[in-house]
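In: quick one: sequence and predicted model below, then my questions.
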Amino acid sequence: LVSVNTKDKTSKEISKLIKDTVDAVEKARKNTGATETDVLIGGINQDIQKMASATIENKVLKDQVNNLEKQSSDSKKEIQEKTKKAEFSEDQLRVALKQEIGQGLAEVQREKDRVIVTVGSAGAFSSGSAKLTKKAREIMQKIAKISGKGAGQLNVSGHTDDVPLIFGGQYRDNWDLAAARASSVVQELAKANTIPSDKLRAISFGETRPIEQNDTKQGREKNRRIEIEIKY
């Protein structure tokens with residue numbers, strides 16, 4: 001019987017014990033004429049079995065850690081690639097919309113892997129209307145041309161001020177008007193045939209997301225807007 005006790009042993013001592021155990025197993029096999037399997041099954045005590053089990057568990061754990069590290073690395077690389085695409089798109093949009101930006105008709109901002117183009121409704125629609133002006137159509141054509149390259153999702157959201165619409169008008173309320181305007185923008189972007197239709201989405205926020213106070217004319221003008229969020 002070969003018995004090994006690894007309790008309170010250092011790594012160096014355990015390594016020596018394992019070597020001695022292997023030597024003992026070989027010696028027992030020669031003396032008894034038993035096969036190596038017989039000796040291993042009948043002779044090695046539970047300490048060796050535990051060591052073998054621990055070795056397997058450590059390998060599984062190591063493989064799991066390696067997989068997590070690989071996934072984290074892949075995810076980080078993907079985020080970096082998306083951010084680079086967004087940076088490139090931001091530069092292109094600023095160049096393409098330079099005139100409109102200078103006139104205060106549009107703004108271009110980037111947040112990590114997404115670009116947001118804001119178009120003021122004053123230059124995009126007639127008062128109380130969801131029909132795009134000629135200038136607004138030109139803006140959308142430029143955005144569609146650039147955003148069709150590598151964009152993942154385009155969310156077009158309509159926003160209004162908090163002034164109630166005139167009763168009996170074409171639209172019931174600000175929610176309805178904002179939805180109609182966002183839809184008009186999506187339809188115009190789709191006309192360019194550069195962005196798949198399943199990547200376009202129209203959203204209405206009505207008056208619920210103001211960026212300025214509604215108690216001044218300037219504030220209300222800022223709040224009446226279309227935001228085009230381009231995700232990469």
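Out: Sure thing, it's come through. The structure presented is a predicted model; accordingly, all values stated were derived computationally and were not measured. Numbers count the residues shown, from 1 in each chain.
In: counting by contacts, list what the helix or strand where E188 lies packs against.
Out: Using DSSP states H and E, the element containing E188 is helix 174-191. Here helix 174-191 touches helix 121-124, helix 134-147, strand 153-159, strand 200-206, strand 225-231, going by 3 or more C-beta pairs under 8 Å, 6 or more residues apart in numbering; DSSP states H and E. All C-beta atoms are positioned from the backbone trio N, CA, C, and that covers glycine.
In: flag every buried residue along the first one.
Out: Put plainly, it is helix 121-124. For helix 121-124, the neighbour count (16 or more other C-beta atoms under 10 Å) marks S121, A124 as buried.
In: show me what that helix is packed up against.
Out: Using 3+ C-beta pairs under 8 Å, 6+ apart, helix 121-124 sits against helix 134-147, helix 174-191, strand 225-231.
In: can you check the fourth one too?
Out: Packing contacts for strand 200-206, counted by 3+ C-beta pairs under 8 Å, 6+ apart, involve strand 153-159, helix 174-191.
In: quick one, what contacts Q153?
Out: Q153 sits next to K199, R201, E229, I230, K231 when contact means C-beta atoms under 8 Å, 6 or more residues apart in numbering.
In: show me how to select, in PyMOL, the buried members of the residues you listed.
Out: To isolate the buried members of these in PyMOL, using 16+ other C-beta under 10 Å:
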select buried, resi 199+229+230+231
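In: which member of the contacts of Q153 is positioned nearest I79?
Out: K231 (12.3 Å; C-beta to C-beta).
In: that closest one and K112 touch, don't they?
Out: No - K231 is beyond contact range of K112, at 10.0 Å (criterion: C-beta atoms under 8 Å).
In: which residue is the nearest non-sequential neighbour of G169?
Out: Counting by C-beta to C-beta, 6 or more residues apart in numbering, G169 lies nearest to G128, which is 6.2 Å off, once chain neighbours are set aside.
In: S121 versus I228, what's the distance?
Out: I228 is 13 Å from S121, where distance means C-beta to C-beta, to the nearest Å.
In: check V65 too.
Out: 53 Å.
In: contacts for the helix holding E188?
Out: Contacts for helix 174-191 (C-beta under 8 Å, 6+ apart): 119, 121, 124-125, 128, 130-132, 136-137, 140-141, 143-144, 147, 154, 156-165, 171, 195, 197, 200-207, 226, 228.
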